[in-house]
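*Asks:* build me a structure from this.
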Amino acid sequence: MSKILLLEDDVSLVDGLKYSLGKNGFDVTVVRTVEKALESLSIISEYDLLLLDVTLPDGTGFDVCEKVRRQNGQIPIIFLTASDEEVSIIRGLDLGGDDYITKPFRLGELCSRIRAQLRRSGICSQEKTGSFQCGDITIDLLGCKALLNGKVLDLTNAEYRLLCLLVKNEGITITREKILAELWDNNREFVDDNTLSVYVRRLREKVESNPSSPEHLITVRGFGYQWREVTEP
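*Replies:* This next block holds a predicted model:
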């Protein structure tokens, strides 16, 4: 049973979610305030996924996400938001969220997104074959982490998967469609090109010395992206 930490203060929604998610095979722990969610950080590794409401009486789900990412970069995070405004969505993704769902939502859609995130986070357990290197980037598959010049990169789960895909295909242009299919399955109704652009921008900020003039993660206009190994002159 996958364990989920749910941060939500709407009593009627909490009761329905806990019952329905339980019927779908998820073990749900509920906290109703940001304070209680932050108290759970000491045992965050016990959970497989976080469902975070954005607006709470004592703060936001963004606050929790930010602190979680400081100590656990890989646990999937889905935001529950009453707003579909782009600025709110982009902020959540920028802070390290993996997905968002706008209220009101269908339970079937939520369960699909949860399962998708759990499958995607399984890349670490599916590829325990060692490590590989490309220029100054090393991917440690066993440790599920990436290093730049020997220093561990602070990557979210989605950023790590994107980096793995690009580095494994060094020198090959990967289309945006293929990236979406590989990282977010073939059903793209839950993810659009804007979301992918956010992940690319955020990854560049972590692997490029000058993100506005990238040397590694190159945009191939009209097609997609390519990873280039940078060699010393």
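
*Asks:* ranges for the strands of the protein?
*Replies:* 2-7, 26-31, 49-53, 55-56, 59-60, 77-81, 99-102, 131-134, 137-140, 145-148, 151-152, 174-175, 217-220, 224-227 (DSSP state E).

*Asks:* which other helices and strands does the fifth one contact?
*Replies:* I take that to be strand 59-60. The elements that strand 59-60 packs onto, with contact taken as 3 or more CB pairs under 8 Å, 6 or more residues apart in numbering; DSSP states H and E, are helix 34-39. C-beta: built from backbone N, CA, C; applies to glycine.

*Asks:* for the third one, same thing?
*Replies:* When contacts are defined as 3+ CB pairs under 8 Å, 6+ apart, strand 49-53 sits against strand 2-7, helix 61-71, strand 77-81, helix 107-121.

*Asks:* closest one to Gly92 among the strands of the chain?
*Replies:* When the strands of the chain are compared by CB to CB, strand 77-81 sits nearest Gly92, at 4.6 Å.

*Asks:* that closest one pairs with which strands?
*Replies:* strand 49-53 (parallel), strand 99-102 (parallel) (DSSP bridges).

*Asks:* what angle separates the first one from strand 26-31?
*Replies:* Between strand 49-53 and strand 26-31, the angle comes out at 40 degrees (axes from the mean of the first three to the mean of the last three CA atoms, to 10 degrees).

*Asks:* ok and strand 49-53 relative to helix 107-121, angle-wise?
*Replies:* Inter-element angle recorded for strand 49-53 and helix 107-121: 130 degrees (by the same axes, to 10 degrees).
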